[in-house]
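[1] Quick check, what structure comes out for this input:
(one chain, ligands or ions: 1)
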Amino acid sequence: MRRRRVLAPLLLAWPCALLALVGCDEFTAPPPRVGAAIPLRPDGKTLLAQAAKNGDTLFLRLRFPAEQGTRQQYFHFTGGAWRIEGGGFREVEASLDQDPQRGPTDLHSARAETALAVAITAPTAPGGVPQFARFGCFLACHDRSSFMPNWRPTDGRVPMHLFPGFGGFVDVWSWGAVRTAPAGVADDLFLDESGLAADSGAAPSTDLALDASGNPPLAFDPAATGGAFARPFAAILTSDPFLFAAPSLAGVAGTAPPIPFAVAVAQGYHPAEDDAVPAQLVSRPDGSRADVAARATWDAGTWDLHLTRALATTDATHDVQLGGDGPFSVAFALYSENADGRDHYVSLPIALVAGGTPQPGTIAIAIVTVDGSGAAAPPDFTDEARFPPTEVPIFLPGITSQEFLVGAITTRDGAARLVDWTHGGQHAVASGSAACADCHAVRPTDIPPARAAGALERLVIRRGGIYDPTPLFEGAP
Ligand code: HEC
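    Coordinates of the predicted model:
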């Protein structure tokens, strides 16, 4: 029933008009879309970046258009049982279609936080990733990663990881409106050949799961909520409190303290239809994981995120050291509108220029040097003459995997060829002789580079995968 109801509008939403710039006959037509969850989203967005440093601290201000996204997953009591609400739209689509080949089958609604990840490396420093300055996060996007064409559910979660041989680590600062904002940090992670991992120290949040008897592990402490152990599902989506906070974050806006569910029951709690409790517990991180401070506000469709980190940290094997003149290279990923898997926006890598001024004609963020030291006196980024914002175009990459980019795609289990396999720049990418930006602009309106091979925002449509079901293969393993 559901399929029939949604298929017609979804097919209408995939007209050749979308592909007008590249031509409809250039690639295999996408398979029909199923499920209700994959939303059409803008092809591209623009992020504004400013940077400054004083004697010992780096300040980064990032403004980006996105929904507020301060809700994630909840436990919802309905029909006599608790179930999980929320998740990325691709996983929810698998649940709607009850298709275990494409993901979990127990989700009921799409709701995922807005998140922004910053990836930074010093490409020529020990531990840096030399090719990052040319290819950025595309070095870590693989055909066998979750939701990609050569992924199978039996593989489990396969996160992004650096292509073997590219070595080193990329420092990753991952800010999330639910999972890190309450603690005032971006989660300090790093990406290497084994994948994405966290620096040492306590995490800013913990995802909760239903226990063996089907109950959430926590309920609200009625002493802090005027007697409520849970909140009506609709209310938790629209008002405070909507998150559990550990004692270390007591009093943070939007949160209330939890008690163990069993204690709530002992105190007389009987779940009522439509009760809801959060599926995350936020807490104060520590150690190296808490290195990146974050402060963010949302207004009229734009997040304004300020990140602060010491130029030098104690963990030089997982943190980029920013004291010198670089070169540094940075790239951004934006998760918005309930995106997960391959569906987040990306930027190309751009230079973060600490010494001197950026090369004219290239997209680069200048780190303006200011007096003083410490994180307590941030620069006045509203002075845009002194701290000029750099426009960073971001786009939906679809299934632009490293294997595709270097011409090394293989089939698996006799999978059909559903997407374009040939990359015009494969020899240059495989040999590292040219950067993405040497051949591609991002937006059709950008000034094309010398070897003008087309604007990525449009070309990715040809590669497919932006609105196609996942994992985009025919036949089960
Ligand atoms: C040496 C030049 C060159 C480099 C470097 C290069 N490309 Fe390309 N790319 C091309 C050409 C040529 C095409 C084909 C354009 C056409 O047919 O209109 C292409 C096509 C594409 C397409 C469209 C998909 C398809 O099926 O053709 C994508 C996506 C793409 N490139 C992404 C990238 C990314 C990401 C990078 C960096 C990791 C990159 N390219 C680096 C030259 C290059």
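[2] Run through the residues that contact the residue in the stretch 151-300 of the chain that the ligand sits nearest to.
    Here the stretch 151-300 of the chain gets closest to the ligand at one residue, Phe163, 11.0 Å apart by CB to the nearest ligand atom. (C-beta placed from N, C-alpha, C; glycine too.) Phe163 is in contact with 139-140, 142, 193, 402, counting by CB atoms under 8 Å, 6 or more residues apart in numbering.
[3] run the last query once more with 6 Å
    139, 402 (CB atoms under 6 Å, 6 or more residues apart in numbering).
[4] Need the three-state assignment for it.
    Following DSSP: H, G, I helix; E, B strand; the rest coil, we place Phe163 in the coil state.
[5] center of the chain, which residue is that?
    Tyr335 (4.0 Å; CA atoms, centre = their mean).
[6] tell me the pLDDT at it?
    If you check Tyr335, the pLDDT there is 95.
[7] Look up the residues forming beta bridges with the closest residue to Gln359 other than its chain neighbours.
    Spatially, and ignoring its direct neighbours in sequence, Gln359 is nearest to Ala351 (7.6 Å; CB to CB, 6 or more residues apart in numbering). Under the criterion DSSP bridges, Ala351 forms beta bridges with Ser329, Ala364.
[8] pLDDT score assigned to the most far-flung residue of the chain relative to its centre?
    The centre of the chain is farthest from one residue, Gly268, which by CA atoms, centre = their mean lies 40.4 Å away. The per-residue pLDDT reported for Gly268 equals 97.
[9] now it: how far from Leu218?
    Remark: distance between Gly268 and Leu218 (CB to CB, to the nearest Å) = 17 Å.
[10] about what we covered before: so the residue nearest to the centre of the chain sits against Leu116, correct?
    No. Using CB atoms under 6 Å, Tyr335 is not in contact with Leu116; the gap is 7.5 Å.
[11] Up against the ligand, what does this protein have?
    Contact residues, the chain versus the ligand (CB under 6 Å from any ligand atom): 135, 138, 400, 405, 420, 423-425, 428-429, 434, 436, 438-440, 451, 453-454, 456, 459-460, 462-463.
[12] buried subset of these?
    Among the residues of the chain next to the ligand, those classed as buried by 16 or more other CB atoms under 10 Å are 135, 138, 400, 405, 420, 423, 425, 428-429, 434, 436, 439-440, 453-454, 456, 459-460, 462-463.
[13] State the number of residues packed around Gly262.
    Slight slip there: residue 262 is Ala, not Gly. Here the count is done by other CB atoms under 10 Å, and Ala262 has 15 residues near it.
[14] Can I take it that it is in a helix?
    Yes. Per three-state DSSP, Ala262 lies within a helix segment.
[15] Roughly how far does it sit from Pro349?
    Remark: distance between Ala262 and Pro349 (CB to CB) = 50 Å.
[16] same check, this time on Gln50
    For Gln50 relative to Pro349 (CB to CB), the value is 18 Å.
[17] the more surrounded of the two?
    For Gln50 versus Pro349, neighbours defined as other CB under 10 Å are more numerous around Pro349 (29 against 24).
[18] What segments of the stretch 201-350 of the chain are helices?
    Here the stretch 201-350 of the chain has its helices, by DSSP state H, counting those that start in this stretch, at 233-236, 261-266.
[19] ok so, going back, what's the spacing between the residue nearest to Gln359 and the ligand?
    16 Å (CB to the nearest ligand atom, to the nearest Å).
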